[in-house]
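S.K.: Dropping a prediction and its sequence here:
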Amino acid sequence: MEGETLYVDTHGDFSVDRISEMAKSLRSTVLKKIDKEPMKLKQYKDEFTIERILSKIHFIRILDDTEQQLLHSMLDKIIIKIPNLKVIIIDTFAEHFRATENGYNDRRKMIANALMGL
């Protein structure tokens, strides 16, 4: 199993239970596909555990637009800290930018600047 994932939740609906279900399903699917290869099956059963899958998912909860802007400015440091990071998922990217009291044009600029930093 290669790579790690960073999940950024701006909406507050991240579910550990759902991620666990997905990890179980992934493991089951992989093991079924290789069940005709006994050596590989034993190796994967021992190494491809649900705990190992979940340990490769990192989570950050963003509460407001200030934290989101801080995240974008620190993303390069986060990537260095997780050297095997392959995927960054930002759930509801514009959530906090929409909630600011800034005008439409200011919000557009904030979103554009954040996107350019990715």
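M.R.: Nice, thanks for sending it over.
S.K.: where along this protein do the helices fall?
M.R.: With DSSP state H as the criterion, the chain has helices at 16-33, 38-47, 50-55, 65-81, 95-98, 104-117.
S.K.: ranking those by burial, who's on top?
M.R.: Highest mean neighbour count of the helices of the chain: helix 95-98, a mean of 16 (counted as mean count of other Cβ atoms under 10 Å). From N, CA and C alone the C-beta is placed, and that goes for glycine too.
S.K.: what sits against the residue nearest to residue 35 when sequence neighbours are not counted?
M.R.: Nearest non-adjacent residue to residue 35, counting by Cβ to Cβ, 6 or more residues apart in numbering: residue 41, 5.7 Å away. Counting by Cβ atoms under 8 Å, 6 or more residues apart in numbering, residue 41 touches 31, 34-35.
S.K.: and of these, the nearest to residue 9?
M.R.: residue 31 (29.3 Å; Cβ to Cβ).
S.K.: What is the neighbour count of residue 48?
M.R.: Neighbours of residue 48 under the rule other Cβ atoms under 10 Å: 16.
S.K.: circling back to that earlier point, could you dump the contacts of residue 41 into a markdown table with pLDDT added?
M.R.: Supplementary listing: the contacts of residue 41 in a markdown table, determined by pLDDT from 0 to 100:
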| residue | pLDDT |
| --- | --- |
| 31 | 86 |
| 34 | 83 |
| 35 | 78 |
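S.K.: Can you add distance to residue 73 and give the residues you listed back as TSV?
M.R.: Shown next, in TSV, are the contacts of residue 41 (distance: Cβ to Cβ, whole Å):
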residue	distance to residue 73
31	42
34	43
35	47
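S.K.: mean pLDDT lowest for which of the helices of the chain?
M.R.: Least confident of the helices of the chain, judged by mean pLDDT, is helix 95-98 with a mean of 59.
S.K.: Pull stretch 34-43 out as CSV, backbone CA atoms only.
M.R.: The C-alpha coordinates for stretch 34-43 follow below in CSV (Å, rounded to 0.1, in the frame of the first residue of the first chain):
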residue,chain,number,x,y,z
ILE,A,34,-5.9,-12.1,-5.0
ASP,A,35,-7.4,-15.1,-3.2
LYS,A,36,-6.1,-17.5,-5.9
GLU,A,37,-2.5,-16.5,-5.1
PRO,A,38,-1.8,-18.1,-1.6
MET,A,39,1.6,-16.4,-1.0
LYS,A,40,0.3,-12.9,-2.0
LEU,A,41,-2.9,-13.5,0.0
LYS,A,42,-1.0,-14.3,3.2
GLN,A,43,1.3,-11.3,2.8
